[in-house]
Each structure stands twice: as structure tokens, then as C-alpha cells.
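Peer 1: Quick one: sequence plus predicted model below, questions after.
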Amino acid sequence: MMMDDSLKDGRAFEVEILVGRSRPHVEITEGVVWSRIEAGVRAVFAQGGRVRLRLLDASDCYIRKMSMDANPGNFRMFAFTSSDDMKMEILEWWGADGGAASGYVTFDDDLWDSRKVCSDVNVALRLFGEFYSQGDLLAGLVFFRSPWDPLQ
């Protein structure tokens, strides 16, 4: 995914990247550029771990942080909001097709609705890319739902 590394409007982000589940070292970078986020997402997707991208000043944005928790080859995505409604503070990615339930998959030793687990790294790159370039989720927000309002 090609994207300009510089932000023109003064937004600043902090990224936290943990590659692999057994490593104690977490890399945290402020003023991060897109190429570092993209490399972190790809590494975490391949080896497992997590990526957290936080907008340092989210006072005028709905989404304040994006998170990806991954096992090698698949991941779950979360969006943390500025909502006053506690049931809308954490949103889960529910897949791009919004279709009917198709079963369960194992992720971190638990069974999850298969619509909550993704195996396409480009989905994560698009969502992180939108958040990085826009400072919020606009088009990508439709793929997230509150745990209090799951798809049937």
C-alpha cells in the first residue's frame, strides 16, 4: 500500500508494535511515519503480536485508537472511540461483507464468530491507512460494531 509518509495537518500518532507473542520488547514510537506502521502490520501479521496506533490529540475525532491482535496469518481489529456511551467505546471489526454467520474459528485458544477474524493483511493496511491519513475512520467505520450490538 503506497502512502505519503508525512502528515500535512499536524496530526501526531503513537504506534506500539509487538512482533511475536513471546518477546518482552514492545516498540513505541511517537511521530510515526506510514512506512513504519505498514512494516509493523506486515511483521505482526506474519509472526503474531499486536499493533496499536493512537492519535495523540483525538479531541475532535471519533476514533482515538486502532488495534490489531494477530496470530500468524490472521488477526482481529478493534477501534477505540471517544463516545460518551460506554457500550460504544470499543468496536470490533465484523468483516467486510456483513453476511450471515458461517461458523466459528479458533483465535488465541477461543472460538470466535468467523466474521471477527480476518486472514487478509490488506484489510488491516487499509483500515490503519485510513486512520493514519484521515485522523479518523470514515468509510472503514461501517465494518465495526459494538460487542453490545453484534450481527446475528
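Peer 2: Looks like it arrived, so ask away. The shown structure was predicted, so the numbers you read here are calculated from the model rather than taken from an experiment.

Peer 1: nearest spatial neighbour of residue 119, skipping sequence neighbours?
Peer 2: Nearest residue to residue 119, sequence neighbours excluded (C-beta to C-beta, 6 or more residues apart in numbering): residue 74, at 4.5 Å. (Each C-beta comes from the backbone N, C-alpha and C, glycine too.)

Peer 1: So the one you found versus residue 55, what's the distance?
Peer 2: Here residue 74 is placed at a distance of 26 Å from residue 55 (C-beta to C-beta, to the nearest Å).

Peer 1: Comparing these two, which residue is more hemmed in?
Peer 2: Taking neighbours as other C-beta atoms under 10 Å, residue 74 and residue 55 compare with residue 55 leading, 22 against 17.

Peer 1: what sits against that one?
Peer 2: The contact partners of residue 55, taken as C-beta atoms under 8 Å, 6 or more residues apart in numbering, are 11, 12, 13, 61, 63, 64, 65, 131, 135.

Peer 1: ok, it to residue 146 distance?
Peer 2: When C-beta to C-beta is the yardstick, residue 55 and residue 146 sit 20 Å from each other.

Peer 1: same thing with residue 107?
Peer 2: As judged by C-beta to C-beta, residue 107 and residue 146 stand 19 Å apart.

Peer 1: The residue nearest to residue 119 contacts residue 114, doesn't it?
Peer 2: No. The criterion here is C-beta atoms under 8 Å, and residue 74 misses it with residue 114 at 10.2 Å.

Peer 1: between these two, what contacts are shared?
Peer 2: Each of residue 105 lies in contact with both residue 74 and residue 114 under the rule C-beta under 8 Å, 6+ apart.

Peer 1: hmm, which helix or strand of the protein has the shakiest average pLDDT?
Peer 2: Using mean pLDDT, DSSP states H and E, the weakest-scoring helix or strand in the chain turns out to be strand 27-30, at a mean of 75.

Peer 1: by contact count, what packs against that one?
Peer 2: strand 13-19 (3 or more C-beta pairs under 8 Å, 6 or more residues apart in numbering; DSSP states H and E).

Peer 1: Given the strand it packs on, what are its sheet partners and their directions?
Peer 2: Partners of strand 13-19 in the sheet, by DSSP bridges, are strand 27-30 (antiparallel), strand 49-55 (antiparallel).

Peer 1: So for residue 8, what's the pLDDT?
Peer 2: Looking at residue 8, its pLDDT reads 54.
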